[in-house]
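Colleague: no sequence on hand, only this structure:
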């Protein structure tokens, strides 16, 4: 179901020429969603949604849009934490609009981290997973210079990434995922010949994870581990997830076969959360020309990841 | 044609149960190769080939094998430099055997560099290209720790890599290849936000190459440039070659769809040279169980790269 504004959804359907094919149903309970039929779109209105949202300009930073986005995310988190929904797919969010609305969080992930943690507790550590049907990869370090990424590859960081990955896989109904850990250096250092991070940092982190009963292995040569983990009908992958040490190590293979296949999954939250791998594209807003492929993939990936996960019935 | 020992080829055919299907023909001139019919294998015996090669143990380091390998490579280079062959495909080589034979070169590439350069001149700078049907990538740095690779990404090194790539493409009948240059950092540094090598090193090298009339562009975000360059029947690549800053940046995408598709091409030599992307596999020698796929790809890639390149007739 959509957590959002029924009027906004109706307007969007109109822009796309789908108004006659879809009926927007404002839900009075979450359970009602299960009673809808194809062609009906259930919309759950979060508390605090601005009533004058239709007046906000399209494709521009606006305080009402920021307030609406924050209200929707908070409500989606609440529904997930109460077990009423199995996962959340977030649409792109404009950070400036969020700031205008007085939100203290720079983006989605921080808001989800804070809202997803018990009150008074520090936000749970999260990791970014990029996934498509063929490959799942979780990043130890993200948006920093490559030099800094190398410095940020610590034993504690690698171990935490492995643990978060292992725990998140439980949400996907995968009790003992086969976790491959990539090396940092070419050929995983070839025994210390090309760098020693595999011996001093990554290897010990893997051993600590193994001591916890986690099926982690490596460090593997980065140039072949993603190929080995790749799943295809004619090529069963050797691993379920690959831990990548830095942004491009993991994202190059995920994106190689096509950008619209990459879905962002936040690990470490107590629920499944996916999002498309692109921004708000304000220049396309309202034109009907935005490409829905990545968002559709994000929905599909969320469905795959929550498969088998029980949800409560009732509101 | 094979540059090697006819007896060794006959023995290999016997091991594979192909002795009755193939006739090994010892060539008396290079031109004779063109007169052979399917089912005939032309072998050109290089000067200095040990006569007792059949006595050398299989799958072990042996001085005779090292001498034979060096003799074959030298002769192949001579044939290429005289224009009698259009390119060379090298089989894996054991470095220890080469050393036992008193060769001063640690491996193939150094031997080819030295033999391929005019006497008295310093060996020409070379670069390693990894290629398959979908992607060609040339590496600025190779087998060093990632930390060191970052240090080795210099303006001169990037520019030289672009120039060698541009010149090599002439050998392939591609007068003005579209060369994409990857950044070093995530999102190519996002304007200096995540590292400045794109602004201070890679960008200026690209501009210098452009000033020479080379169709080089970038630096591009590493996580999407390989996907953008990928060629497939339904996906024409935007670029002909991608310059990668470090080993795994280039090799992860080349190998992602399958290891046996990766072919090693040495750029900077005055002739086309390819080789399979694996070692000697002594444990498989003589068993008939070695996988020929990568070697076959190397032969095929050499044929593609030399297509349209004229060779002299005569010996």
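Modeller: Right, received. Where do you want to start? In this text, all values refer to a predicted model and were calculated from it rather than measured experimentally.

Colleague: can you pull out the helices in the stretch 1-150 of chain A?
Modeller: A:6-15, A:63-81, A:95-100, A:108-115, A:146-152 (DSSP state H, counting those that start in this stretch).

Colleague: tell me which of those lies nearest to chain B.
Modeller: Among these, the nearest to chain B by CB to the nearest CB is helix A:146-152 (5.1 Å). C-beta coordinates here come from the backbone N, C-alpha and C atoms, glycine included.

Colleague: which parts of the closest one are buried?
Modeller: A:146-147, A:149-150 (16 or more other CB atoms under 10 Å in any protein chain shown).

Colleague: which of these lies closest to residue B:222?
Modeller: residue A:146 (9.2 Å; CB to CB).

Colleague: so who does the closest one touch?
Modeller: Listed by CB atoms under 8 Å, 6 or more residues apart in numbering or on different chains, the contact set of residue A:146 reads A:246, A:248, B:146, B:150, B:184-186, B:195.

Colleague: right, and residue A:284 touches residue A:290 too?
Modeller: Yes - under the criterion of CB atoms under 8 Å, residue A:284 makes contact with residue A:290 at 4.4 Å.

Colleague: any chance you could map the helices in the stretch 151-300 of chain A?
Modeller: A:155-171, A:197, A:203-211, A:222-229, A:247-256, A:293-306.

Colleague: return the most buried member of the ones you listed.
Modeller: Scoring those by mean neighbour count under mean count of other CB atoms under 10 Å in any protein chain shown gives helix A:247-256 as the most buried, with a mean of 28.

Colleague: ok and the residue in the stretch 151-300 of chain A nearest chain B?
Modeller: residue A:195 (2.9 Å).

Colleague: I'd like the distance between the closest residue to that residue other than its chain neighbours and residue A:236.
Modeller: Closest residue to residue A:195 apart from its sequence neighbours, by CB to CB, 6 or more residues apart in numbering or on different chains: residue B:145 at 2.9 Å. Shown here: residue B:145 relative to residue A:236, a distance of 33 Å by CB to CB, to the nearest Å.

Colleague: can you check residue A:262 too?
Modeller: Using CB to CB, which is the criterion applied here, residue A:262 is 21 Å from residue A:236.

Colleague: of those two, which one has the most company?
Modeller: residue A:262 (26 against 8; other CB atoms under 10 Å in any protein chain shown).

Colleague: skip the chain neighbours and tell me the closest residue to the more buried one.
Modeller: Nearest one to residue A:262, counting by CB to CB, 6+ apart, is residue A:277 at 4.3 Å.

Colleague: what of residue A:73?
Modeller: residue A:111 (5.6 Å).

Colleague: residues near the one you found, how many?
Modeller: Neighbours around residue A:111, by other CB under 10 Å: 22.

Colleague: what's next to stretch A:266-274, contact-wise?
Modeller: A:77, A:80-81, A:85-90, A:109, A:112-113, A:116, A:124-129, A:138, A:164-165, A:167-168, A:171-172, A:263-265, A:275, A:298-299, A:301-302, A:305-306, A:309.

Colleague: measure stretch A:130-140 end to end?
Modeller: 12 Å (CA to CA, to the nearest Å).

Colleague: what do you get for stretch A:122-137?
Modeller: For stretch A:122-137, by CA to CA, the gap between its terminal residues amounts to 26 Å.

Colleague: in it, what counts as buried?
Modeller: For stretch A:122-137, a neighbour-count test (16+ other CB under 10 Å) marks A:123, A:126-132, A:134-137 as buried.

Colleague: please name whichever of the residues you listed scores lowest on pLDDT.
Modeller: Across these, the bottom pLDDT score, 81, is held by residue A:123.

Colleague: separation between that residue and chain B?
Modeller: Distance of residue A:123 to chain B, given as CB to the nearest CB, to the nearest Å: 23 Å.

Colleague: quick check: that residue touching residue A:111?
Modeller: No - using CB under 8 Å, residue A:123 is not in contact with residue A:111, being 9.9 Å away.

Colleague: wait, what's in contact with the residue sitting furthest away from the middle of chain A?
Modeller: The C-alpha centroid of chain A is most remote from residue A:193, which lies 36.5 Å away (CA atoms, centre = their mean). Under the criterion of CB under 8 Å, 6+ apart, the neighbours of residue A:193 are residue A:187.

Colleague: measure stretch A:42-57 end to end?
Modeller: For stretch A:42-57, the end-to-end distance is 24 Å (CA to CA).

Colleague: now do that stretch: distance to the chain's middle.
Modeller: 24 Å (CA atoms, centre = their mean, to the nearest Å).

Colleague: likewise for stretch A:60-68?
Modeller: That offset, for stretch A:60-68, works out to 23 Å (CA atoms, centre = their mean).

Colleague: equivalent analysis for stretch A:108-121, please.
Modeller: Relative to its chain's centre, stretch A:108-121 lies at 15 Å (CA atoms, centre = their mean).

Colleague: stretch A:88-103 now?
Modeller: The answer for stretch A:88-103 is 15 Å, by CA atoms, centre = their mean.
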